[in-house]
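A.B. asks: Sequence plus predicted model, see below.
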Amino acid sequence: MIPLEPHLCQRRDGGAKLLVPYVTGGLSDDWVDVVHAAVAAGADAVEVGIPFSDPVMDGPTIQEASVRALRRGTTPGSILADLARVDVGVPVVAMTYYNLAFRMGDLRFARSLAAAGVSGAILPDLPLEESADWERESAAAGVASVLLAAPVTPDDRLAAIAARSRGFVYGVSRMGVTGERLSLAGSAGVLAKRLKATTDKPVLIGFGISTPDQAVEVCAEADGVIVASALLRAVLDGGGPEAAAGFVGDLRHALDAG
Amino acid sequence: MSMTEPSSGGRFGDFGGRFLPEALVPACLELEEAFRAAWADDAFRAELDGLLVSYAGRPSPLTEAARLSERLGVRVLLKRDELNHTGSHKINNVLGQALLCRRMGKRRLVAETGAGQHGVATATAAALFGFDCVIYMGEVDVERQSHNVFRMNLLGAEVHPVSSGARTLKDAVNEAMRDWVASVTTTHFCLGSVMGPHPYPWMVRELQRVIGEEARRQCAELLDGGVPDVVVACVGGGSNAAGIFAGFVDTSARLVGVQPEGGAAIGRGLPGVVHGSKSMLLQDEHGQVSEAHSISAGLDYPGVGPEHAHLASGGRAEYPSVVDAEVLDAFQLLSRTEGIIPALEPAHALAWVVREAGRAIPSGSTVVVNLCGRGDKDVAQVMAHLGHER
Ligand SMILES: Cc1ncc(COP(=O)(O)O)c(C=O)c1O
């Protein structure tokens, strides 16, 4: 497994803006090819969603992807087995909801991620007050526990989130669920700036970043972006790995051109 | 065991907590603070009590069910919360939360609903207070409770049918939470049961405590200062049960929460985390939440409030289940013996009493049943089930 924070810091400090596409694990037979395509097109890390039956932070696109994956019989184990067989080449960060970790047991879940080569994990329904056990067990397994900050997070919580987050800090661009948006919320840049003022860890902004222009705009403040629904939309609409490669390539190009 | 304030962070033993996206945590902290202050504020309590009396029609009577008692060989007392304005106990909770919403300076309510009773109650309070109101309801429930959808519309609420998942209560909660994440600065999420993140399980139980306090007083009068042997309520999320249990938890009364067979989170579930708290939950081996199945839209939920999981694990309350056929029988039995058509939800509580009278309930016992809703909303559905037999 590639350690998440050193890898992202090295790329950032080398002058790059970080690009992290999200792919729902088990979405299709060729979902691992979608991951490879995204990496070949310039992803600095990949977020792999482990679908949950009740994704309350997700809008229609990721919900649709989750339903499709679950209907195919996708399980946490099947996704991790798929990942264990390949070398993605950049760090993989799992994103799921806490019940899947809780059911398996925090430590067992963290170890199974590590065994599959997964470097980090994002559990959006585990806020500071509930995450201490998970942070300890994931650290014991060598998996970075990435915490999220929101536009309404007050300064004292923001500082605690930044201090306790591992790998990078995930800034939620706006108040709302995941999903494509026509424009970037003003809150995205504000949050990125506040986070940058409190931490040297990489600050990545996600939720609703849909176009190369929006990615460039938010990267005026942030170290990078996470792009999920807009990419998945292309894949869900039948585009497959080629669509993913094209979309990620456009984002990479725009970010590199600044 | 007692039913007091949960420990910090909202724990009832191993259950409860606040498993929420960061975006919603500040709102829950604000709500917790607002509720704690309001609950200690005599003026707030007086205003709520005034509404409960003059608007909702409290106190609800405790009715001796003489013919049913004779039939069963146990003495059945019915706590008549179905007589409340809007037809169920849901109004107790909603009036309190509407007052809190106003106190926090918010002017929009969102809520989930299953049977539509909580949606109707929320829409009613929104009309009374002049709030905007959006209700999320699974498509299956929109279908089987169409009468309540129209009532909500008449009351000025928008009803959003939810087409994800099993299209019932669980999915309605998901959608209401998604709305709330985007609207939290102006909107109060008026949760309808003792579930969700802290402070909801505690707050909703306190707002429903009035059922138990009244019933305790009424029992004392009727039973010469005594308490009943058994207190029975149906359990979906568990708010009507928590409300009536709170009045008797410190007595010798047996507390029984009756679940639908297809939604028996306590008994068939495992500990899990969904919708903001840790509790017992129907789920598969991987932790994917299962779909519940019940004839009653109000009980069609795979989880249960965390305090009930705690009361069960400590042995203070028990949570048996009944099947749909028993529920339909009890629904008809109460109608014919007492002239009261119950909602399908409390018909679960009655069904357990009918089944267990002379068995788990010794003959001659005194049993209080929380009759938390009336059956008007269910008449069309039951008619279809019975195929117009009579
Ligand atoms: C009459 C009635 N009873 C019970 C319930 C279930 O809720 P709870 O278990 O919170 O009392 C409902 C929910 O719709 C209801 O309408």
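C.D. replies: Alright, I've got the coordinates.
A.B. asks: center of the chain - which residue?
C.D. replies: Reading this off chain A. Among the residues of chain A, the one closest to the centroid is residue A:47, at 4.0 Å (C-alpha atoms, centre = their mean).
A.B. asks: oops, I was thinking of chain B
C.D. replies: Most central in chain B (C-alpha atoms, centre = their mean) works out to residue B:239, at 3.4 Å.
A.B. asks: what's the pLDDT at the nearest residue in space to residue B:242 that is not next to it in sequence?
C.D. replies: Nearest residue to residue B:242 in three dimensions, chain neighbours excluded: residue B:205, at 4.2 Å (C-beta to C-beta, 6 or more residues apart in numbering or on different chains). C-beta coordinates here come from the backbone N, C-alpha and C atoms, glycine included. Listed pLDDT for residue B:205 reads 98.
A.B. asks: Please report how far residue B:205 lies from the ligand.
C.D. replies: Distance of residue B:205 to the ligand, computed by C-beta to the nearest ligand atom, to the nearest Å: 10 Å.
A.B. asks: A strand includes the residue nearest to the centre of chain A, no?
C.D. replies: Yes: judged by DSSP: H, G, I helix; E, B strand; the rest coil, residue A:47 forms part of a strand.
A.B. asks: how about residue A:255, what does it touch?
C.D. replies: Applying C-beta atoms under 8 Å, 6 or more residues apart in numbering or on different chains, one finds that residue A:255 lies in contact with A:16-17, A:19, A:212, A:215-216, A:219, A:224-225.
A.B. asks: any idea how far residue B:337 is from it?
C.D. replies: Going from residue A:255 to residue B:337 by C-beta to C-beta, to the nearest Å gives 74 Å.
A.B. asks: Counting neighbours, what do you get for whatever residue of the stretch 1-150 of chain A ends up closest to the ligand?
C.D. replies: Closest contact between the stretch 1-150 of chain A and the ligand, by C-beta to the nearest ligand atom, is at residue A:54 (18.8 Å). Neighbours of residue A:54 under the rule other C-beta atoms under 10 Å in any protein chain shown: 22.
A.B. asks: cool, residue B:218 as well?
C.D. replies: Counted with other C-beta under 10 Å, residue B:218 comes out at 19.
A.B. asks: gap between the host helix or strand of it and the chain center?
C.D. replies: Here residue B:218 sits within helix B:200-222, counting by DSSP states H and E. Distance of helix B:200-222 from the chain centroid (C-alpha atoms, centre = their mean, to the nearest Å) equals 13 Å.
A.B. asks: Tell me which residues of it come out buried.
C.D. replies: By 16 or more other C-beta atoms under 10 Å in any protein chain shown, the buried positions in helix B:200-222 come out as B:200-212, B:214-216, B:218-219, B:222.
A.B. asks: again, but for stretch A:246-258
C.D. replies: A:247-249, A:251-252, A:254-255.
A.B. asks: Sort out for me which of those are in helices.
C.D. replies: Among those, the members found in helices (DSSP state H) are A:247-249, A:251-252, A:254-255.
A.B. asks: Strands of chain A, residue ranges please.
C.D. replies: A:18-24, A:46-49, A:92-95, A:120-122, A:144-146, A:148-149, A:169-172, A:203-206, A:224-227 (DSSP state E).
A.B. asks: okay, now residue B:156: neighbour count?
C.D. replies: Residue B:156 has 14 nearby residues by other C-beta under 10 Å.
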